[in-house]
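**Student:** okay, here's the prediction I keep looking at, along with the sequence it came from:
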Amino acid sequence: MPQMPGLIKGLGVTAKTAGRTLFPKRGWKTLIPAPQQGAVTVQYPHEKEAPPDRARGVIALHEENCTACMLCSRSCPDWCIYIEGHKVKAPPRRAGGKARTVNKLDRFDIDYALCMYCGICVEVCPFDALFWSPEYEYSEPRIADLLHDKDRLGEWMETVPDFEDYESGSEQKVRKVPR
Amino acid sequence: MNELLALVYWQETAIKLGVALAVIPTTSLILVYLFLFKMMAFMQSRLGPNDTGPYGSLQLIAEAIKFLQKEDIHPSQADRRVFRMAPVVVLASTFLLYVVLPAGPDAIVENLDTGIFYAMAVSSLSVLGILMAGWASANKYALLGGLRAAGQLIAYELPLILAVMGVVIQAGTLNLQGIVVAQATGEIFGWGAIGHPFILTQFVGLFIFLIAAQAELTQTPFDMPVAETELVGGFHIEYTGFRFLLFFMAEFGTAFAFSALASVMFLGGWWIPGFDVDDNILNILGPGVMLGKILLIAFLIFWVRFTYPRLREDQLQKFAWKFLIPLSLVNIVLTGVFKVVF
């Protein structure tokens, strides 16, 4: 029976894990069962997990940077981004210049019931208008409420963490999150 | 019965029936909470249910209420009568097992002369229920699960019975009370302080019995009939709500019954060293001792369950026919020889 040592070792592993979970304390306190400290899991509703900064929790929109170019909407695999806009005259950038035409955003909705968190929209945005935020607590009892409009998406901007520094010696400038 | 409590037959039967009806759901409750919820969680470094009631102990009540609320769904192609009957047949086999389990000198529902034979016979009834469920569900996964269950339970019925044979030879009786008495009055080389629990001479039998019981209960390493990852639940795939609850209760009720059988046959049952075998106090203390021994055996069963991954179907059959059955036959032969020699 060549399998026997492995089988017995397996029983030992599970028993040891159970012991460590139930009696995590050292010394004479070992006898006090304290699974709350022994378990490696996060007891979610009672304590919150801290997701990493780059976690894909929710997509935030910086409305001023958006030009309604539709790149994100067209690249979305689920077609869950809805954009509507209209053109408005804007004052010239320098005195004496020609008046400009800019796109004004009327509607920017992301339907998180459809979103699959691929992040292509964030990658494809050429104007730094979309950012990942690690927030994850936005479930809703009604599925229709998962459609976040541009005000709601704008509120997420506060939770976007700053970009981390690149490794030393990198020529690239660190991107800034518009605040 | 003793003189203190002289009851008419129907009164006695009613009391026994009430106790049995209360005991069976409670046993599965204890096993599921203690082992399936808590011990499994600790073995995986989790906490398990901890919000419902103190230490999550009411979780199973909540789950039962949840099951009762669910819609009773029949598949449109199902054979409705057989489909409805199947969980009842499985649960009936569990209930019938409890008839012969002794918990004290008089604490037994019916003291049958062929107790262990009867227990083995009714425990294999559940195969019928499982096969009925698999066939009547009109679902290919359920049918596969049912067939696997049939093949597995037939293959492991043999080592189970052959493992019991050794104990029967040694005790000289099929009666479960008789087996307990034989262990209580037995002696180890002339020393009778703790009687003679058959685990000392029948450890091979216990080993085979535990493995075969594991397979009979379709617990993991041997859970191909209900394999979630390949058969999405096997024979109970189409069952919802109350009918699923019946299957669930039967599974753990039978686990408890098999642990009880093992503790009666190998660990000395309800007898406590130092007491007379027919001492009336054992009717009160006996069930407690039994519970401790049962939980010990159940711990072994669930420990194995949470440790090992599932076997393949051919490995399972090979293990039964090429290893367990020859081993148990050798065990019987050796037991017989020693019985005659000594």
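**Tutor:** Perfect, thanks for sending it. Residues are numbered from 1 along each chain as shown, chains lettered A, B, ... in the order given.

**Student:** tell me which residue lies nearest the centroid of chain B.
**Tutor:** B:Phe258 (2.5 Å; C-alpha atoms, centre = their mean).

**Student:** CA atoms only for stretch B:145-160 - export them in CSV, please.
**Tutor:** Below are the C-alpha coordinates for stretch B:145-160, written out as CSV (Å, rounded to 0.1, in the frame of the first residue of the first chain):
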residue,chain,number,x,y,z
GLY,B,145,-26.2,9.0,-9.9
GLY,B,146,-28.8,6.4,-9.1
LEU,B,147,-26.9,3.7,-11.0
ARG,B,148,-23.6,4.6,-9.4
ALA,B,149,-25.3,4.5,-6.0
ALA,B,150,-26.7,1.0,-6.8
GLY,B,151,-23.3,-0.3,-7.9
GLN,B,152,-21.5,1.2,-5.0
LEU,B,153,-23.9,0.2,-2.3
ILE,B,154,-24.1,-3.4,-3.6
ALA,B,155,-20.3,-3.6,-3.7
TYR,B,156,-19.9,-2.2,-0.2
GLU,B,157,-22.8,-4.1,1.3
LEU,B,158,-20.6,-7.3,1.2
PRO,B,159,-17.6,-6.1,3.2
LEU,B,160,-20.0,-4.4,5.6
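
**Student:** so how far is that stretch from its chain's centroid?
**Tutor:** 15 Å (C-alpha atoms, centre = their mean, to the nearest Å).

**Student:** which residues touch that stretch?
**Tutor:** B:120, B:124, B:126-127, B:130-135, B:208-209, B:211-213, B:215-216, B:218, B:222, B:224-227, B:231, B:233-237, B:313, B:316-317, B:320-321, B:324-325, B:327-328 (C-beta atoms under 8 Å, 6 or more residues apart in numbering or on different chains). No exception for glycine: its C-beta is placed from N, CA and C like everyone else's.

**Student:** ditto for stretch A:143-162
**Tutor:** Under C-beta under 8 Å, 6+ apart, the answer for stretch A:143-162 is A:53, A:58-63, A:105, A:107-113, A:131-135, A:138-140, A:176-179.

**Student:** just the buried residues from the contacts of stretch B:145-160, in ChimeraX please.
**Tutor:** To isolate in ChimeraX the members of those that are buried, counting by 16 or more other C-beta atoms under 10 Å in any protein chain shown, one can use:
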select /B:120,124,126,127,130,131,132,133,134,135,208,209,211,212,213,215,216,218,222,224,225,226,227,231,233,234,235,236,237,316,320,324,325,327,328
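
**Student:** quickly find the element holding the residue nearest to the centre of chain B.
**Tutor:** Taking DSSP states H and E as the definition, B:Phe258 sits inside helix B:241-266.

**Student:** report the next helix or strand after the strand of greatest length in chain A in sequence order.
**Tutor:** Longest strand of chain A, by residue count under DSSP state E: strand A:100-111. Per DSSP H and E, strand A:100-111 leads on to helix A:120-124 as the next helix or strand towards the C-terminus.

**Student:** name the helices or strands packed onto the next helix or strand after that following helix?
**Tutor:** Using DSSP H and E, the helix or strand that follows helix A:120-124 in sequence is strand A:130-133. Judged by 3 or more C-beta pairs under 8 Å, 6 or more residues apart in numbering or on different chains; DSSP states H and E, the packing partners of strand A:130-133 are strand A:58-61, helix A:120-124.

**Student:** tell me the average confidence for the next helix or strand after strand A:130-133?
**Tutor:** Note on strand A:130-133: by DSSP H and E, the next helix or strand toward the C-terminus is strand A:147-148. Strand A:147-148 shows a mean pLDDT of 92.

**Student:** partner strands of strand A:147-148, parallel or antiparallel?
**Tutor:** Sheet partners assigned to strand A:147-148 using DSSP bridges are listed as strand A:100-111 (antiparallel).

**Student:** which parts of the helix holding B:Phe258 are buried?
**Tutor:** B:243-266.

**Student:** now the next helix or strand after it, how far from the centre of its chain.
**Tutor:** Next along the chain after helix B:241-266, taking DSSP H and E as the criterion, comes helix B:282-307. Here helix B:282-307 is found 11 Å from its chain centre; the criterion is C-alpha atoms, centre = their mean.

**Student:** same check, this time on stretch B:251-265
**Tutor:** Remark: stretch B:251-265 is offset 3 Å from the chain centroid, using C-alpha atoms, centre = their mean.

**Student:** before I go, just wanted to say thanks for your time.
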